[in-house]
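> I would like the atomic coordinates for the input below:
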Amino acid sequence: MTKFESSIAAVAIGCALATAGIAAQKEGKAEPKASAPVYKPARTADGQPNISGMWEPGPGRPFENPRGEAWKPPAGSSGANGAAFTFFAPGDQLPGGRSAEKGPMIFDPADGRIPLQPWAAARRDEIIAHQDKVQYLDPRVRCLQSGVPRANLPVFYNSYQILQIPGAVVILYEWNHMTRVIPLDGRPHLPPSIKLANGDSRGHWEGDTLVVDVTNFNDEVWPVGSGAPPEDAPAASLTTGHGIVQSDQLHVVEKYWMSDADTIRYEARLEDPKVYTQPWSFRFDAFKRGKPDHQLFEYACHEGNRKNILLLTGVDIEK
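Prediction:
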């Protein structure tokens, strides 16, 4: 084959590949792309990208698409923010006049749904249908840990503080009064025999992105979900990731980076071969608290927990 013929062949192949790619996009087969950092954040004294501060995740959006439907704001929601989990007013306006991202947090798979195995989907329905029974209650309602990546999700009161110290990133959560210490020193994960509700976190920097690998989970909490679904509207919980269980095979990879001076973009990829048919990913933004005197207060889950007492004893302590 002559050089001229080789060049013609190369062009033909390139055109064919491009045409195939366009066709795949039209058919909805294009792979969803994760975000990539472009903003250059300030540095800490030891040279890390500075993500420290008080943060609030939001705005509250549906976690996933309702079954078999295109996403639309649920009845009773505030504008485009979905459900009852709205932090910023009015409507979908965020601090600084930015517009909220529309649609569900899940971006992979492209249908915006958690890819549950049939047994896990049936378990979810069972949990949502029996919220009047203790054995089906959200583990968080029973004062267990919030879960990872669930602890980062938008709920009514979930502010958190990120601290950067030599060799580690520390996240202090208002929700369930929880603390995560994420080592950055390259140490290995704990032995597989040690299982934890929030898993075992190990972090490293890839450019300006903090990447956290989380393993060693147990099956006692939920990996995602809202604060709690509305008691009188269980169907609404289907847009919040409620009732999703986890196994000891859960593996989570989190990414944190500054998309501007006041915003952290958060992404998480979940893989659990016992629960899901494939890995899946979601993302949202967290915003810096505007007041410098903002602080986290104690979260005392046990105090005044009337519902659990009523379910366990049949006695309403306020009557």
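> and the residue lying closest to residue 289 once chain neighbours are set aside, how many neighbours?
Spatial nearest neighbour of residue 289, excluding adjacent residues (CB to CB, 6 or more residues apart in numbering): residue 54 at 4.1 Å. For the C-beta atoms, the positions are set from N, CA and C on the backbone; glycine is no exception. Number of residues near residue 54 (other CB atoms under 10 Å) recorded here: 21.
> how far away is residue 54 from residue 264?
11 Å (CB to CB, to the nearest Å).
> got a list of what residue 249 touches?
217, 272-275 (CB atoms under 8 Å, 6 or more residues apart in numbering).
> Looking at these, point me to the pair that's furthest apart.
217 and 273 (12.7 Å; CB to CB).
> Between the two, which is the more surrounded one?
Per other CB under 10 Å, whichever of residue 217 and residue 273 has more neighbours is residue 217, with 24 against 13.
> what's near enough to touch the closest residue to residue 297 other than its chain neighbours?
Excluding its sequence neighbours, the residue lying closest to residue 297 (CB to CB, 6+ apart) is residue 174, at 6.9 Å. If a contact means CB under 8 Å, 6+ apart, then residue 174 has 157-160, 296-297, 299 as its contacts.
> Would you mind writing the PyMOL command to select the buried ones in those?
One line in PyMOL is enough to select the buried members of the contacts of residue 174, burial here meaning 16 or more other CB atoms under 10 Å:
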select buried, resi 158+159+160+299
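> now, among the contacts of residue 174, which is nearest to residue 116?
Nearest to residue 116 among these is residue 158, at 24.5 Å by CB to CB.
> Without its sequence neighbours, what residue ends up closest to the closest one?
Nearest non-adjacent residue to residue 158 (CB to CB, 6+ apart): residue 175, at 4.4 Å.
> what about the residue nearest to residue 273 when sequence neighbours are not counted, distance to residue 297?
Leaving aside its sequence neighbours, residue 273 sits nearest to residue 249 (CB to CB, 6+ apart; 5.5 Å). Going from residue 249 to residue 297 by CB to CB gives 36 Å.
> list the contacts for residue 114?
Contacts of residue 114 (CB under 8 Å, 6+ apart): 64, 106, 224, 241, 244, 276, 280.
> Nearest to residue 135 among those residues?
Nearest member of the contacts of residue 114 to residue 135, counting by CB to CB, is residue 244, at 16.6 Å.
> got the phi/psi numbers for the closest one?
phi -90, psi 120 (degrees, to the nearest 10).
> tell me the contacts of it?
Contacts of residue 244 by CB under 8 Å, 6+ apart are 114, 116, 120, 124, 222-225, 275.
> rerun at 10 Å
63-64, 114, 116, 120-121, 123-124, 127, 147, 150, 222-225, 270, 272, 275-276 (CB atoms under 10 Å, 6 or more residues apart in numbering).
> Remind me which helix or strand the residue nearest to residue 150 when sequence neighbours are not counted belongs to.
Take residue 150 and drop its neighbours on the chain: the residue closest to it by CB to CB, 6+ apart is residue 224, 5.1 Å away. According to DSSP states H and E, residue 224 maps onto no helix or strand at all.
> count of neighbours near residue 224?
24.
> Just to check, it is in contact with residue 275?
No. In this structure, residue 224 is not within contact of residue 275 by CB atoms under 10 Å, at 11.3 Å.
> Between those two, which contacts overlap?
114, 244, 246.
> ok, so of these, who is nearest residue 133?
Nearest to residue 133 among the shared contacts of residue 224 and residue 275, with distances taken as CB to CB, is residue 244, at 18.1 Å.
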